[in-house]
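Engineer: here is a sequence with its predicted model. Questions after.
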Amino acid sequence: MRNSLYYGEIAARISAYLYQNPDHIMQIDRIMSQDNETEDTIWTISATAARVFDVLEDLSEDQGVDWLKALDQYSEEVLDFLLVDSKPTSIDLMSMAVRSIQAVS
């Protein structure tokens, strides 16, 4: 299967999107610190989100997808999810990624 983006690129774009606004960083850090069971940070959320997107991209054989647009939309959805005081699960991330891919195909 053809993969047009590398995992590192995906993780970098997601974390760059999450780090654009200093107010968002503080709010996301607060959300992450509320969960005492895990030590998640913006970096771990970005890495997990990137892994989910990368796997779905690998599984997709759709040549009509603009992967950069899908990734930008996905990053926006991840940020929106985080800003409503929630830490996304892997299922949440998969759902967001699928919606983003469908929206640009």
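Structural biologist: That came in fine, so what should we check first? Residues are numbered from 1 along each chain as shown.

Engineer: from here on, contacts and neighbour counts on C-alpha atoms
Structural biologist: Noted.

Engineer: tell me where this structure has helices.
Structural biologist: For the chain, the helices defined by DSSP state H cover 7-18, 22-34, 42-59, 67-83, 90-104.

Engineer: quick one: those helices as a markdown table, columns for mean neighbour count and mean pLDDT too.
Structural biologist: Formatted as a markdown table, the helices of the chain follow (neighbours: other CA atoms under 10 Å; pLDDT from 0 to 100):
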| stretch | mean neighbour count | mean pLDDT |
| --- | --- | --- |
| helix 7-18 | 18 | 95 |
| helix 22-34 | 15 | 85 |
| helix 42-59 | 19 | 93 |
| helix 67-83 | 19 | 95 |
| helix 90-104 | 17 | 95 |
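
Engineer: dead centre of the protein: give me the residue that sits there.
Structural biologist: residue 49 (3.8 Å; CA atoms, centre = their mean).

Engineer: contacting residues for it?
Structural biologist: By CA atoms under 8 Å, 6 or more residues apart in numbering, the contact set of residue 49 is 11, 14, 78, 90, 93.

Engineer: quick check, nearest of the residues you listed to residue 71?
Structural biologist: Here the nearest of the contacts of residue 49 to residue 71, counting by CA to CA, is residue 14; it sits at 7.8 Å.

Engineer: if we ignore the residues flanking it in sequence, what's nearest that closest one?
Structural biologist: Nearest residue to residue 14, sequence neighbours excluded (CA to CA, 6 or more residues apart in numbering): residue 75, at 5.3 Å.
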